[in-house]
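> okay, sequence plus prediction incoming.
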Amino acid sequence: MKPTPKTSWNPERLDVRAFAQAGADLHADDPLTRFERLVAEAHAEDGQPALGSVTWQARGEMRAGASGGAPAVWLHLQADASIPLTCQRCLGPVDTPLKVDRWFRFVNDEATAAAEDDDCEEDLLALEPRPRLHDVLEDELLMELPLVPLHDTCPVPVVMQASDPMVGLEDKEPQRKNPFAELAKLKK
C-alpha cells in the first residue's frame with residue numbers, strides 16, 4: 001500500500017479518485033443518530049430516539065481497467081450496526097443486526113453510470129458530484145433492513161385474536177328484517 005500523502009479525508013465530500021490513488025482508508029464508530037433515515041425506521045421507546053452506533057470502514061483502491069483502459073476507481077465499504085426495529089408480531093423492540101460489505105466502481109459522471117449499469121454486475125457510482133460517504137453508507141444499511149422484523153420467539157405472549165370488540169357479535173344480534181320483504185307486504 002502506498003503511503004497516504006493526505007492525512008485527513010472528508011467523508012462529507014470525499015474525493016474518491018484521490019482516496020483510491022492513495023490506497024487510503026477511513027474508519028469510524030458513529031452514533032446511530034447521525035443517520036436520520038435509519039433512525040426513522042427504528043423502534044422508539046417513549047418518544048426517545050434509538051441508541052446505538054454504526055461501525056464502518058471505507059478503503060479506496062485502483063484496479064486495472066477493462067480491456068487495458070485506464071485504471072478504475074474502486075471503494076470497499078464495510079459496516080456493522082444493530083438497530084432496534086418493531087417486531088411485527090408482538091410490537092416490541094427487536095435488535096436487528098445489519099452488515100454491509102460492498103464494493104463500488106466509480107465512473108466520471110451520472111450519465112456514464114446509467115449507460116454502463118445494465119451491462120455490468122458491480123455497483124456503479126459517479127465521481128462527481130463528490131459523494132457523501134455517510135449517505136452511501138446509510139443507503140446500504142437501509143437496504144439491509146428486513147421487510148418484516150420479527151423475534152425468533154417473542155418475549156411476551158402474543159394474543160392471536162382480533163382486537164375489534166365487534167368481531168363475533170354478529171351471531172348475538174337479533175336477525176334484522178329485510179326492508180324489501182316489508183315493502184312486499186305493503187303491496188298486498
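All right, it came through fine.
> rest of the way, CA atoms for contacts and neighbours
Will do.
> what strand or helix carries the residue most central in space within the chain?
Centroid-nearest residue in the chain, with C-alpha atoms, centre = their mean: Leu142, separated by 0.4 Å. For Leu142, the host element (DSSP states H and E) is helix 133-144.
> what is that helix packed up against?
The helices and strands touching helix 133-144, judged by 3 or more C-alpha pairs under 8 Å, 6 or more residues apart in numbering; DSSP states H and E, are helix 36-41, strand 93-107.
> which of the ones you listed sits most buried?
Highest mean neighbour count of those: strand 93-107, a mean of 18 (counted as mean count of other C-alpha atoms under 10 Å).
> partner strands of that strand, with direction?
Strand 93-107 has the following strand partners under DSSP bridges: strand 72-86 (antiparallel), strand 123-126 (parallel).
> tilt between that strand and helix 133-144?
120 degrees (axes from the mean of the first three to the mean of the last three C-alpha atoms, to 10 degrees).
> and the average pLDDT for strand 93-107 is what?
Average pLDDT, strand 93-107: 93.
> show me what it is in contact with.
43, 72-87, 113, 122-127, 140-141, 144-145, 149-151 (C-alpha atoms under 8 Å, 6 or more residues apart in numbering).
> in this protein, where is pLDDT below threshold?
For the chain, applying pLDDT under 70 flags the ranges 1-7, 47-50, 66-68, 160-175.
> kindly recompute the last result at 90.
1-13, 33, 42-52, 63-72, 89-92, 107-131, 153-188 (pLDDT under 90).
> on that earlier part again, for the helix holding Leu142, buried residues please.
The neighbour-count check on helix 133-144 (16 or more other C-alpha atoms under 10 Å) flags Leu133, His134, Leu137, Glu138, Glu140, Leu141 as buried.
> just stretch 19-34 next, same as before
Phe19, Ala20, Gln21, Ala22, Gly23, Ala24, Asp25, Leu32, Thr33.
> looking at those, point me to the pair that's furthest apart.
Gln21 and Thr33 (31.7 Å; C-alpha to C-alpha).
> what's the distance between the nearest residue to Glu61 once chain neighbours are set aside and His151?
Excluding its sequence neighbours, the residue lying closest to Glu61 (C-alpha to C-alpha, 6 or more residues apart in numbering) is Ala20, at 4.3 Å. Between Ala20 and His151 the distance is 41 Å, computed by C-alpha to C-alpha, to the nearest Å.
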